[in-house]
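K.L.:
A predicted structure for the sequence below; I have some questions about it.
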Amino acid sequence: MSAVGAKSIFADIEKDYYTLDPKQVECAITKKTKAIIAVHLYGQPANIIELQKIAKKHGLLFIEDCAQAIGAYYHDKPVGSFGDLACFSFFPTKNLGAIGDGGAVVTNNEQVSERIHMLRQYGWDKNRESQFFGMNSRLDELQAAILRVKLKYLDLDTKKRGQIAENYNIALKNSSFILPKTRNNCSHAYHLYVIQCENRDEMIKKLHKKNIMVGVHYSKAIHQMPAYFNAATKLPITEKLTHSVISLPIYPELSQLQQETINSCIHDIL
């Protein structure tokens, strides 16, 4: 957004799902607003229906950020099939990852599609003349070949992630943690399995001592970072979560024994 001179206006999230709160989004809209960008964070579909209603009401574009959510469904339709356009990431750590870097933009608007094709290659038209500023953002053949093979296993890998998440839910249901919830009539892709813990930093230290590699996604909100700092922006739910979230290990190859070890270490600490 910054690259095209656009300004990001942030809205707070729903505390149960970690995605944009439609009420907060509508409060943030001004005459200058052009689009709503909904991030399906951690693999959880955002409240698409309500956000689409708001976008339509105010004449705005609705954009889906599906970087962490490929394989997730909202009301029996895959994420990425609702917005005016949607963005996906093929970074190696994503649910469908290449061996380098890459991504995709999908849209059902031919004009938008044509412009994106030009933007990814120097702004070239069919005659290889740059009509506007563009970049070298093509997905190379090697990455495409790897992704084509891995795509066959996406549904199975998503199912495995869901089973691992359910195992965590069962093992940790009586703990003091706040466990992730899945929105009604939706399926979660579980790119990350994120819990909330009051003494987060101490818990991480203890788990690391037991060689359980957990992470934090994310330790600081974007509006608190130097590049986008805005002292006037107050997002209490977002800000609170930056101090309490922990990402437990989750990937399709995580064995039952490994997960039992993780759960055992957590219970030992508790």
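P.N.:
Sure thing, it's come through.
K.L.:
residue contacts, the nearest residue to Tyr190 once chain neighbours are set aside?
P.N.:
Leaving out its chain neighbours, the residue that sits closest to Tyr190 by CB to CB, 6 or more residues apart in numbering is Arg161, at 4.0 Å. Backbone N, C-alpha and C define where each C-beta goes, glycine included. Applying CB atoms under 8 Å, 6 or more residues apart in numbering, we find Arg161 in contact with Gly43, Asn95, Ala189, Tyr190, His191, Ile250, Tyr251, Pro252.
K.L.:
Ok, Leu41 next?
P.N.:
By CB under 8 Å, 6+ apart, the contact set of Leu41 is Ile13, Tyr18, Thr19, Gln68, Ala69.
K.L.:
How much space separates it from Leu85?
P.N.:
Applying CB to CB, to the nearest Å, one obtains 18 Å for the distance of Leu41 from Leu85.
K.L.:
in stretch 6-13, what's buried?
P.N.:
By 16 or more other CB atoms under 10 Å, the buried positions in stretch 6-13 come out as Phe10, Ala11, Asp12, Ile13.
K.L.:
I figured the last one was touching Glu239, is that so?
P.N.:
No: using CB atoms under 8 Å as the test, Ile13 is too far from Glu239 to be in contact (10.4 Å).
K.L.:
export the contacts of Leu41 to JSON lines and tack on secondary structure?
P.N.:
Formatted as JSON lines, these follow (DSSP: H, G, I helix; E, B strand; the rest coil):
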{"residue": "Ile13", "secondary structure": "strand"}
{"residue": "Tyr18", "secondary structure": "coil"}
{"residue": "Thr19", "secondary structure": "coil"}
{"residue": "Gln68", "secondary structure": "coil"}
{"residue": "Ala69", "secondary structure": "coil"}
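K.L.:
Mark out where each domain of the protein begins and ends.
P.N.:
Domain assignment for the chain by automatic domain parsing gives 2-151, 154-269.
K.L.:
Could you dump those into CSV with mean pLDDT added?
P.N.:
Formatted as CSV, the domains of the chain follow (pLDDT from 0 to 100):
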stretch, mean pLDDT
domain 2-151, 97
domain 154-269, 97
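K.L.:
and the residue nearest to Tyr190, what helix or strand is that in?
P.N.:
Element membership for Arg161 (DSSP states H and E) is helix 154-171.
K.L.:
ok, then the element right after that helix?
P.N.:
The helix or strand immediately downstream of helix 154-171 is strand 186-187, counting by DSSP H and E.
K.L.:
other SSEs contacting that following strand?
P.N.:
Counting contacts by 3 or more CB pairs under 8 Å, 6 or more residues apart in numbering; DSSP states H and E, strand 186-187 is packed against strand 73-74.
K.L.:
Now do the strand it packs on: everything it contacts.
P.N.:
Pro45, Ile48, Val79, Phe82, Arg183, Asn185, Cys186, Ser187.
K.L.:
go on, stretch 233-242?
P.N.:
For stretch 233-242, using CB under 8 Å, 6+ apart, the contacting residues are 10-15, 18, 21, 196, 218-221, 223-224.
K.L.:
so where do the helices sit in the stretch 151-270 of the chain?
P.N.:
154-171, 200-209, 236-241, 256-269 (DSSP state H, counting those that start in this stretch).
K.L.:
Please tabulate the ones you listed in TSV, including the columns distance to Gly102.
P.N.:
Below are those laid out as TSV (distance: least, CB to CB, whole Å):
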stretch	distance to Gly102
helix 154-171	15
helix 200-209	31
helix 236-241	29
helix 256-269	29
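K.L.:
Of those helices, which is nearest Ala35?
P.N.:
helix 236-241 (19.8 Å; CB to CB).
K.L.:
So which residues make contact with stretch 17-27?
P.N.:
Contacts of stretch 17-27 (CB under 8 Å, 6+ apart): 11-14, 36, 38-42, 44-47, 50-51, 53-54, 58, 181, 183, 194, 237, 241.
K.L.:
Buried ones only from the residues you listed, please, as a ChimeraX command.
P.N.:
Command for ChimeraX that selects the buried part of the contacts of stretch 17-27, burial taken from 16+ other CB under 10 Å:
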select :11,12,13,14,36,38,39,40,41,42,44,45,46,47,51,54,183,194,241
